[in-house]
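S.K.: Make a model of this:
(chains A and B)
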Amino acid sequence: MPYDLSSTIVPMEPCSAAAAFDDPAFVFQVKWDGVRMLAFVGPHGVRLQNRRLRDRTRHYPELAALSRLCRGPAILDGEVIVLHGGKPSFPRVLRRDLAGPDQAARQMNSLPITYMVFDLLLAGDADLSGAPLAARQERLREWLRPTDGIELVEDFSAGRALFAAVSEQGLEGIVAKRLTSPYVEGKKTRHWLKIKCRRRIHCAIGGCTYKEGHFSALLLGLFHPDGRFVYVGRAGSGLTSEQTRQLDRYFRACATEAAPFAAPPRLYGVETVWCRPELVCVVEYQEWTEELGLRAPVVVGFSDRPATECVLE
Amino acid sequence: MRALWRGAISFGLVNIPVRLYAATERKDLKFSYLHEPCKTPIRYRKYCPTCDREVEMDEIVRGYEYESGRYVIMNEEDFERVPVATTRTVDIVDFVSLAEIDPIYFDKTYFLEPGEGGQKAYALLRKAMAESGRIALAKVAIRAKETLAAVRVYDDRLLVMETMFWPDEIRSYAELTGIDEEPHLHEKEVQMAEMLISNLATDFQPEKYTDEYRRALLDIIRSRIEGQEVYRAAAPQPEKVIDLMEALRASVKLAEEQRAREGARRTS
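M.R.: This is a model prediction of the structure:
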């Protein structure tokens, strides 16, 4: 059935690729770290729908402006981000997205969003999902007039150079899109390929686990802006045997009765030792999970940065 | 208007699917508590004085204080085990006449709208109730709690449900000793009072009554807004994506120029 403004659409997803590449058959875009959002733009209003098909219209009232900015009815695909320190902050956008609709709407000023638009599936009454990406993008640039807070995602032709630049900035990664590809709803296709950067973050250590009497992993935390110390994951790999011995001594000396985390993790099959969050380590991680945890964290070093500066933002 | 829940009226062998909506709303003005110097809304935190730290939702359980400082802990399974047959049904048990129920029993009113396939049975129940002049007493489960309710015809068109207090929730006034006495009343005084009543007697016209207090408060608020006497909660400056894009463009360009130079060197 062709798309119209009442459609429900499962967004198209990229497959993972191991390394960046250059190929004239592809365009390359920044992978914006936020929440995926489809906007159904009608003459009298805008409806928003997320990746899980949930309605988000009341969460982001600022996107009602799309009615004015589009030349006619449209279905847009893009990513809602919240900038912090000039870069997209996943923890911040999640704070807004997971709030109730009334609360999220009130956060318009405290957590302002930017909608990064990268696809157009309907223009007027023309369903564009079968058209090649290049044609959809050309149409999108005519159809939507960007403004502050509603931007068009930029295309790059150099994949490897963009990946290097994105890594340098500490962003999530890039997406390569085949110029001839149609919009394939709800599928992970090789038409779109994501290449993720390993990113680094400073975490305060709030405890560790022992497995069968042996030191096993560090429990990582960050300070929420409201002062809570939040658990974000555990990292066992990346530690040398010398570091493990030192950490073992540290925990024997500094163990505390109470957990420092606002919501201590419940871990099964391991013994947990808590400590005050004073020691700071640097971890490399793949991405944020939707539960605000670090995916696949690996310890790459320790730091003398004060623990209180390890902030969730 | 958003349906609070979907369920069914169960009436003998008939099941009428219905949607339930709140029929009334409070219009009291809500005020936020702000921190005076910065005008930031105050936030409340859940705090445990024993552990001396803030606690999260998933660390909280429900306890029943059976005597001061002593609790029985009730978890979700305990609540689920309580046998309530009326889950999401308005289970009609009796038909009575409305005049028999003192208004003291009524709590909240809900509109009932027929759900898919329920239109005919809904209309039938409405017509039969209107003609018999009786209303239905029902047991309802709202938010895991069983409630007594009355279902009646409203405005000749709609079925509404009034949730009711259980009889043991109506307090006794036995301890109000001031009303016990029956002083001697003069015939004249009674006549005067009755005359006063008949002078003020009228039909009930709801539009006559308005909330003067709310209007006065709103007047003050509006004049403050017009006089620009308003405060904005401390908010960060909106950031723009443009700086980041410029940095990316610059390093991509640099990398490409470098590659072009290297390529030129190799071919020469």
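
S.K.: Quick check: mean pLDDT of the longest helix anywhere in chain B?
M.R.: The longest helix of chain B (DSSP state H) is helix B:242-267. For helix B:242-267, mean pLDDT is 83.

S.K.: How about stretch A:228-245?
M.R.: In this model, stretch A:228-245 has a mean pLDDT of 90.

S.K.: do you know how far B:Glu56 is from A:Ala262?
M.R.: Using Cβ to Cβ, to the nearest Å, B:Glu56 is found at 6 Å from A:Ala262. (Each C-beta comes from the backbone N, C-alpha and C, glycine too.)

S.K.: no no, A:Ser16
M.R.: According to Cβ to Cβ, A:Ser16 and A:Ala262 sit 33 Å apart.

S.K.: Looking at these two, which is more packed in?
M.R.: A:Ala262 (21 against 10; other Cβ atoms under 10 Å in any protein chain shown).

S.K.: what's the more buried one in contact with, if anything?
M.R.: A:His224, A:Arg228, A:Phe229, A:Val230, A:Tyr231, B:Arg53, B:Glu54, B:Val55, B:Glu56 (Cβ atoms under 8 Å, 6 or more residues apart in numbering or on different chains).

S.K.: Relative to A:Phe40, which of those is nearest.
M.R.: Checking those against A:Phe40 with Cβ to Cβ, the nearest one is A:His224 at 34.1 Å.

S.K.: For that closest one, which residues are in contact?
M.R.: A:Val230, A:Ala262, A:Val311, A:Leu312.

S.K.: Could you tell me which of these are located in strands?
M.R.: A:Val230 (DSSP state E).

S.K.: Mind picking the two most distant members of the contacts of A:His224?
M.R.: A:Ala262 and A:Val311 (14.1 Å).

S.K.: Where do the domain boundaries of chain A fall?
M.R.: A:13-196, A:199-309 (automatic domain parsing).

S.K.: Could you single out the most deeply buried of those?
M.R.: Mean neighbour count (mean count of other Cβ atoms under 10 Å in any protein chain shown) peaks for domain A:13-196 among the domains of chain A, with a mean of 18.

S.K.: Give me the distance between the host helix or strand of B:Val153 and the centre of its chain.
M.R.: Applying DSSP states H and E as the criterion places B:Val153 in strand B:145-154. What separates the centre of strand B:145-154 from the centre of its chain is 16 Å, taken as Cα atoms, centre = their mean, to the nearest Å.

S.K.: what's the next secondary structure element after that strand?
M.R.: strand B:158-164.

S.K.: What residues sit buried inside the helix or strand that that next one is followed by?
M.R.: Sequence-wise, the next helix or strand downstream of strand B:158-164 (DSSP H and E) is helix B:187-200. Across helix B:187-200, burial judged by 16 or more other Cβ atoms under 10 Å in any protein chain shown covers no residue at all.

S.K.: Over to stretch B:241-254?
M.R.: Buried residues in stretch B:241-254, defined by neighbour count with 16+ other Cβ under 10 Å: B:Val241, B:Leu244, B:Leu248, B:Ser251, B:Val252.

S.K.: OK, contacts around B:Cys48?
M.R.: B:Glu54, B:Val55.

S.K.: how close does it get to chain A?
M.R.: 11 Å (Cβ to the nearest Cβ, to the nearest Å).

S.K.: where does that residue fall, phi/psi-wise?
M.R.: phi -110, psi 120 (degrees, to the nearest 10).

S.K.: List the beta-bridge partners for it.
M.R.: B:Arg53 (DSSP bridges).

S.K.: what pLDDT does it get?
M.R.: With respect to pLDDT, B:Cys48 has a value of 89.

S.K.: and the helix or strand bottoming out on mean pLDDT in chain B, how far out from the chain's middle?
M.R.: For chain B, counting by mean pLDDT, DSSP states H and E, helix B:76-81 ranks last in confidence among helices and strands (a mean of 78). Distance, stretch centre to chain centre, for helix B:76-81: 24 Å (Cα atoms, centre = their mean).

S.K.: One more: stretch B:70-83?
M.R.: Between the centre of stretch B:70-83 and the centre of its chain there are 25 Å (Cα atoms, centre = their mean).

S.K.: B:Met129 is in contact with B:Ala150, isn't it?
M.R.: No. With contact defined as Cβ atoms under 8 Å, B:Met129 does not count as touching B:Ala150 (10.9 Å).

S.K.: I'd guess A:Arg92 is in a helix, am I close?
M.R.: Yes. Counting by DSSP: H, G, I helix; E, B strand; the rest coil, A:Arg92 is part of a helix.

S.K.: ok, for it, nearest residue in space, not its chain neighbours?
M.R.: A:Val82 (4.1 Å; Cβ to Cβ, 6 or more residues apart in numbering or on different chains).

S.K.: go on, A:Leu162?
M.R.: Closest to A:Leu162 by Cβ to Cβ, 6+ apart is A:Phe156, at 4.5 Å.

S.K.: Quick check: bridge partners of that neighbour?
M.R.: Beta-bridge partners, per DSSP bridges, of A:Phe156: A:Phe28.

S.K.: show me the contacts for it.
M.R.: Contact analysis of A:Phe156 by Cβ under 8 Å, 6+ apart lists A:Val27, A:Phe28, A:Gln29, A:Leu162, B:Val252.

S.K.: Mind picking the two most distant members of these?
M.R.: A:Val27 and B:Val252 (12.8 Å).

S.K.: What residues does chain B have near chain A?
M.R.: B:43, B:51, B:53-56, B:58-59, B:232-233, B:235-236, B:238-241, B:243-245, B:247-249, B:251-252, B:255-256, B:259 (Cβ under 8 Å from any Cβ of the partner chain).

S.K.: Quick one: the helices in the stretch 1-150 of chain B, in order.
M.R.: B:76-81, B:119-132 (DSSP state H, counting those that start in this stretch).

S.K.: contact partners of the last one?
M.R.: The contact list for helix B:119-132, computed with Cβ under 8 Å, 6+ apart, reads B:9, B:11, B:14-16, B:18, B:95, B:112, B:114, B:135-136, B:151-153, B:156-159.

S.K.: buried residues in it?
M.R.: So helix B:119-132, judged by 16+ other Cβ under 10 Å, has buried residues B:Ala121, B:Tyr122, B:Leu125, B:Arg126, B:Met129.

S.K.: For the residues you listed, could you give me CSV that also reports pLDDT?
M.R.: Shown next, in CSV, are the buried residues of helix B:119-132 (pLDDT from 0 to 100):
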residue, pLDDT
B:Ala121, 92
B:Tyr122, 94
B:Leu125, 92
B:Arg126, 93
B:Met129, 92
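
S.K.: Can you tell me how far B:Arg126 is from B:Met164?
M.R.: With Cβ to Cβ as the criterion, B:Arg126 and B:Met164 are 20 Å apart.

S.K.: now swap in A:Gly124 and tell me
M.R.: Counting by Cβ to Cβ, the gap from A:Gly124 to B:Met164 is 55 Å.

S.K.: now B:Arg222
M.R.: Counting by Cβ to Cβ, the gap from B:Arg222 to B:Met164 is 39 Å.

S.K.: The two: which is more packed in?
M.R.: B:Met164 (21 against 10).

S.K.: which ones are touching that one?
M.R.: Counted by Cβ under 8 Å, 6+ apart, B:Met164 has contacts B:Ile101, B:Tyr105, B:Phe106, B:Asp107, B:Thr147, B:Leu148, B:Ala149, B:Ala150.

S.K.: Residue numbers of chain A in contact with chain B?
M.R.: Proximity of chain A to chain B (Cβ under 8 Å from any Cβ) is limited to residues A:30, A:81, A:83-87, A:109-110, A:112, A:114, A:116, A:148-149, A:151, A:154, A:156, A:158, A:160-162, A:164-166, A:168-169, A:226, A:228, A:258, A:262-263.
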